[in-house]
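S.K.: Take this sequence and fold it.
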Amino acid sequence: MIKLAILDFDGTLADTREIIVRTNQEVQRRMGYPITDEAGIVATVGLPLQEGILTMYPDLPLEEIPAWVSTYREVFDTLKGRIVPKLFPNVKDTLEVLSGRGCIFTIASSRGRKSLMEFLHEMGIAPFISYVLGADDVELAKPHPEPVLKTLRELSFEAGEALVVGDMPVDILMGRSAGARTCGVSYGNSNRAALLGAGADSVIDDFSELLRLIP
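M.R.: Numbering: from 1, shown residues only. Purely as a prediction, here's the structure:
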């Protein structure tokens, strides 16, 4: 029986696609590098910021990374007042119903803790989240199982009691490697075929479908 749901944030709970794409492209412009198209940027969602940058620019000198990261954060903070991410349909209501049934919700995200916590509070879902892991809270990021294993250890759950929910193959691979059940969401930054290909136990088209997966 599922007692714990470990949720991704970007593309699973909130639609942050536009601000991520616009931020990356503005940073690339400022840093003087070729602009990556939307599909290339979206493919890096779910990876820690530095890893995403290096995925797009494998030959980028490592000494330039700190400037990229600081510029990214500056641009993101500027844009988020104009491009305001929103929760996907039925997210808040579903969290409320399932929390009432006793399900525990946590977050395992590759987003930095600061912006992650700001979004959870601004979107009004922080009260439903019992534990949060951001990119700076783990040594090894998705698809490594550390975020799930750390959550299970800290909250005293077994892997068989957990469901990992995410929109990217790295979420599914992370959950499977930890021995948890996995659920992909088709409305985020990936697609049903990729999620099933990564080994998702199920794929849902709306967050409210968790109501049938978590009794």
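
S.K.: what residue of this protein is the furthest out?
M.R.: Distance from the C-alpha centroid of the chain, by CA atoms, centre = their mean, peaks at residue 32 (28.0 Å).

S.K.: Distance of that one relative to residue 70?
M.R.: From residue 32 across to residue 70, the span is 16 Å (CB to CB, to the nearest Å). For glycine as for every other residue, the C-beta is placed from the backbone atoms N, C-alpha and C.

S.K.: what distance separates the start and the end of stretch 83-91?
M.R.: Length of stretch 83-91, first residue to last, CA to CA, to the nearest Å: 20 Å.

S.K.: Stretch 29-39 now?
M.R.: With CA to CA, one end of stretch 29-39 sits 17 Å from the other.

S.K.: now do stretch 157-174
M.R.: End to end - CA to CA - stretch 157-174 spans 16 Å.

S.K.: Work out the gap between it and the centre of the chain.
M.R.: Centroid separation for stretch 157-174 versus its chain: 11 Å, with CA atoms, centre = their mean, to the nearest Å.

S.K.: Please apply the same query to stretch 190-202.
M.R.: In terms of CA atoms, centre = their mean, the centre of stretch 190-202 is set 15 Å apart from its chain centre.

S.K.: swap in stretch 134-142?
M.R.: The answer for stretch 134-142 is 12 Å, by CA atoms, centre = their mean.

S.K.: And that stretch, what's buried?
M.R.: Under the neighbour-count criterion of 16 or more other CB atoms under 10 Å, stretch 134-142 has 134-135, 137-138, 141-142 buried.

S.K.: Likewise for stretch 79-98?
M.R.: Applying 16+ other CB under 10 Å to stretch 79-98 flags 79-80, 83, 85, 87-88, 91-92, 94-95, 98 as buried.

S.K.: and which of these is nearest residue 162?
M.R.: Nearest to residue 162 out of the buried residues of stretch 79-98 is residue 98 (CB to CB; 13.8 Å).

S.K.: roughly how far apart are the residue lying closest to that closest one once chain neighbours are set aside and residue 206?
M.R.: Spatial nearest neighbour of residue 98, chain neighbours left out: residue 214 (5.6 Å); criterion: CB to CB, 6 or more residues apart in numbering. For residue 214, the distance to residue 206 equals 14 Å [CB to CB].

S.K.: Compare neighbour counts for those two and give me the winner.
M.R.: More crowded of residue 214 and residue 206, by other CB atoms under 10 Å: residue 214, with 20 against 15.
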